[in-house]
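> How does the following fold in three dimensions:
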Amino acid sequence: QSHQLLESITNNSETGSAAATTSVTLLRTPRDESQSVTRPRQTPRAPVHSLREECILFGTHLKRAFLSKLRNRTNVRDTLLESPALAILISSVLKYSKKKKYTFASAFHIPTYLFMSLVVAMFLGLTNSADEIIRDRYLLSRERNHNLRTFYYITGKILSLAAFALIQCFIYLLIGNWVLEIRDMFLIHLWWMFATALTGVCLGLLVSSLVNDIRTALNAIPLLLIPQIILGGALIKYEEMNRNLDLAYSLGRLLVKSGAEEAQPGSRLRVPFICQFMPLRWSYEAMLISQAKLNPLTSTQDMLEERIKELVNLSGLYAQRGSDVAAMLERISRATLERHLTQELIEQAREVRKGTSAEEIYVNRKVLDLVTKAEMERQDHRKLVGPNVFFGTVKRYFGTDFNTLWINGVVLLLTLGLIIGVLEWSLRRQLTSV
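From the prediction side, this is the model:
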């Protein structure tokens, strides 16, 4: 036993001395830097989510955006009270007629009311969204390392703010159109007003992504709104505006002076170049043309154009109440679409000669004068090609005629797409920068 104990002690001492020698050797051996290989640091890949998981992420962003608005009781209260207060103020002030008894046909300020409605929509959209991203800065900086979906975040914000904007526009038009006795145009007005408010929402979110202070964002609202009011075509008519703002007119005048072209009479109703970048210019033109051409009386007359000789006196349609006029126009329109329009129905529509006429409740003279003036300018036979004039019902681009309402709608949708694209790029750039 003593012999075995002695051998184990000897082995342990040899092993310890060898380890000590090895450790000393490792400490004293210089590191060969030429043979060391530095491995590149790889960025971890983002996890791949299934379609169900992506939907859950989007739903989370959407829910959080709605809760962010609803938790602020003061903001919700102001949102619901702003639009009715503005509607009562604007419609009450603009309810004026040269006749003793107010009628929609003789109302003097209907074009102004339409423009102010769009200004209100743009204002509400800007004020509702100008501080949204600024208030979420801490949240965004915290979640950017977790593969934050900026598109989901922006879409959730837009949808939540659009819902509140739609409620505001609905309340505004419900009061304003009732005070000014505008009939059967609610949905059309709501569409153009909502499209304008949605543009304001996207512009406000873009401002909120570019600045870091709420005060700065609120100060930017007048810079976005006032140029649109001035250049929108209602406050200052385009024919009374500085013509040097029109790039085409300026270039044409330079060519005439140089002798490259002969002087040709231009249209004074042409929209100046700088005004083409104002969203209010497109929505105002579309809303006014809609009021002139899509009201039940005018749309029915246009539908019956083939039988206009029989219905030449349709504009003199009378009834005891305004609702009876609307019902009769609906019957005529339905009969025309179904190809069952008879002389008996026409005579029945014209037999009442007293009461409320269709023109009194559907055709405003100020609106009709603006559109008629533009159409006369566009269809001037002295010009080989009709110019694209403000309030013209048809626009000509690339040798093809387009309906103005379609063109203006497409322009507003493209504007929304451009603003959302810039907003997404700006937010992604900020979140990915070190």
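> pLDDT below threshold where in the stretch 51-200 of the chain?
Within the stretch 51-200 of the chain, the ranges that satisfy pLDDT under 70 run 144-148.
> Ignore what I typed, I meant the stretch 301-434 of the chain.
If you take pLDDT under 70 as the line, the stretch 301-434 of the chain has these spans: 304-320, 322, 336-355, 381-385, 433-434.
> And the helices in it?
If DSSP state H, counting those that start in this stretch is used as the criterion, the helices of the stretch 301-434 of the chain fall at 322-337, 343-350, 358-362, 365-378, 404-432.
> With distance to Leu114 and mean neighbour count as extra columns, can I get those helices in CSV?
Backbone N, C-alpha and C define where each C-beta goes, glycine included. Converted to CSV, those look like this (distance: least, Cβ to Cβ, whole Å; neighbours: other Cβ atoms under 10 Å):
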stretch, distance to Leu114, mean neighbour count
helix 322-337, 20, 17
helix 343-350, 29, 14
helix 358-362, 15, 23
helix 365-378, 8, 18
helix 404-432, 14, 16
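> As JSON lines, those with distance to Phe66 would be great.
Shown next, in JSON lines, are these (distance: least, Cβ to Cβ, whole Å):
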{"stretch": "helix 322-337", "distance to Phe66": "38"}
{"stretch": "helix 343-350", "distance to Phe66": "49"}
{"stretch": "helix 358-362", "distance to Phe66": "39"}
{"stretch": "helix 365-378", "distance to Phe66": "38"}
{"stretch": "helix 404-432", "distance to Phe66": "19"}
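> quick one, which of the ones you listed is nearest to Ser209?
Closest approach to Ser209 among those is made by helix 404-432 (4.8 Å; Cβ to Cβ).
> What helices and strands are in contact with the closest one?
Packing contacts for helix 404-432, counted by 3 or more Cβ pairs under 8 Å, 6 or more residues apart in numbering; DSSP states H and E, involve helix 137-143, helix 150-179, helix 186-210, helix 279-293, strand 394-397.
> To Ala374, which of these lies closest?
Judging these by Cβ to Cβ, what sits closest to Ala374 is helix 279-293, at 8.9 Å.
> List the contacts of stretch 280-288.
111, 114-115, 117-119, 122, 188-189, 192-193, 195-196, 199, 228-229, 231-234, 271, 275, 367, 370-371, 390-391, 404-405, 408-409, 411-412, 415 (Cβ atoms under 8 Å, 6 or more residues apart in numbering).
> wait, isn't Ile87 in contact with Ile175?
Not quite, residue 87 is Ala, not Ile. Yes - assessed by Cβ atoms under 8 Å, Ala87 is found in contact with Ile175 at 3.9 Å.
> out of those two, which sits in the busier spot?
More crowded of Ala87 and Ile175, by other Cβ atoms under 10 Å: Ala87, with 23 against 19.
> Neighbours of Leu139, how many?
So Leu139, with other Cβ under 10 Å, has 14 neighbours.
> check contacts around it.
Counted by Cβ under 8 Å, 6+ apart, Leu139 has zero contacts.
> Spatially nearest residue to Thr103 (excluding sequence neighbours)?
Glu360 (4.9 Å; Cβ to Cβ, 6 or more residues apart in numbering).
> who touches Asn177 in this structure?
183, 185-186, 189.
> what about 6 Å?
Shown in contact with Asn177 (Cβ atoms under 6 Å, 6 or more residues apart in numbering): no residues.
> Distance check, it against Lys373.
25 Å (Cβ to Cβ, to the nearest Å).
> cool, Asp136 as well?
49 Å.
> Next: Gly233.
13 Å.
> Tell me how many other residues crowd Ile182.
23.
> No further queries at this time; thank you.
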